[in-house]
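A.B. asks: With the input below, show me the fold.
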Amino acid sequence: MNPDQAKQDKTKSIIDMAFGFSAMTRVFEKGSDRKIIGELDCSLPKIASSKYEQDFQKQHDCFCRWFKDEIKTAERKSKNDERVIKPSGPASYGQGAKVLDVALKVFVYYCHLPDLETADRTMKWLYAAIDTKMMKHLKNMKDPEASIITATSIEDVDDEMIYTALQSLVRKDIENRDKSPNKIYPVQWDDIMWRELNRP
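C.D. replies: Presented below is the predicted three-dimensional model:
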């Protein structure tokens, strides 16, 4: 046991918590958890340590493409008679992005890793972890970009173009809601919107 091991195990624990927090473990084929967590363990510290926004975006895109190529969704069955409603198939770009965005949110924004200075730099590049209710809110915006989005859930976001358009709408929503110079970041927007859209 040594400080390096403690640091590695801290990262692994954060990834485990973040993946559980994303509420997507049940969506993927059995055995996918280990594969996803392994890739997050390798990718997350590198992405979080990006020195430039362009590098951050490139590495984020690489993870989402890996996810789409390597991960499969679980077969869905009806609750009543166990009929297959939807067969297993490739995961979407959007599902990979949601898993990564939640993991980055916990790692960088909540835990200030890999260190405070780096987290402060990277935090402004983090994307909003969009869920179905947030997507509906964004699609209802009076903006030409909203009209091109046909996806109704993260599962339907099959490429970078749609994902980028959703993140652009997040930034526009922040701009529309807050005219002050000190605006929130997209990673903060999704905390606020989750509570706003899930109020009883």
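A.B. asks: Contacts only, for Asp159.
C.D. replies: Applying C-beta atoms under 8 Å, 6 or more residues apart in numbering to Asp159 gives the contacts Tyr93. Just so you know, the C-beta spots here come from the backbone N, C-alpha and C atoms, and that holds for glycine as well.
A.B. asks: Determine the secondary structure element of this structure with the lowest mean pLDDT, considering only helices and strands.
C.D. replies: strand 84-86 (a mean of 64; mean pLDDT, DSSP states H and E).
A.B. asks: After that strand, which helix or strand is next? Please name it.
C.D. replies: helix 93-104 (DSSP states H and E).
A.B. asks: In CSV, list the C-alpha atoms belonging to that following helix.
C.D. replies: What follows is helix 93-104, C-alpha atoms only, in CSV (Å, rounded to 0.1, in the frame of the first residue of the first chain):
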residue,chain,number,x,y,z
TYR,A,93,-22.9,8.0,-29.6
GLY,A,94,-25.2,9.8,-27.2
GLN,A,95,-25.2,7.0,-24.7
GLY,A,96,-21.4,7.0,-24.7
ALA,A,97,-21.4,10.8,-24.3
LYS,A,98,-23.8,10.6,-21.4
VAL,A,99,-21.7,8.0,-19.6
LEU,A,100,-18.5,10.1,-20.2
ASP,A,101,-20.1,13.4,-19.3
VAL,A,102,-21.4,12.2,-16.0
ALA,A,103,-18.0,10.6,-15.2
LEU,A,104,-16.2,13.9,-16.1
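A.B. asks: tell me what that helix is packed against?
C.D. replies: helix 3-21, helix 32-48, helix 53-70, helix 160-177 (3 or more C-beta pairs under 8 Å, 6 or more residues apart in numbering; DSSP states H and E).
A.B. asks: switch the cut-off to 6 Å
C.D. replies: helix 3-21, helix 53-70, helix 160-177 (3 or more C-beta pairs under 6 Å, 6 or more residues apart in numbering; DSSP states H and E).
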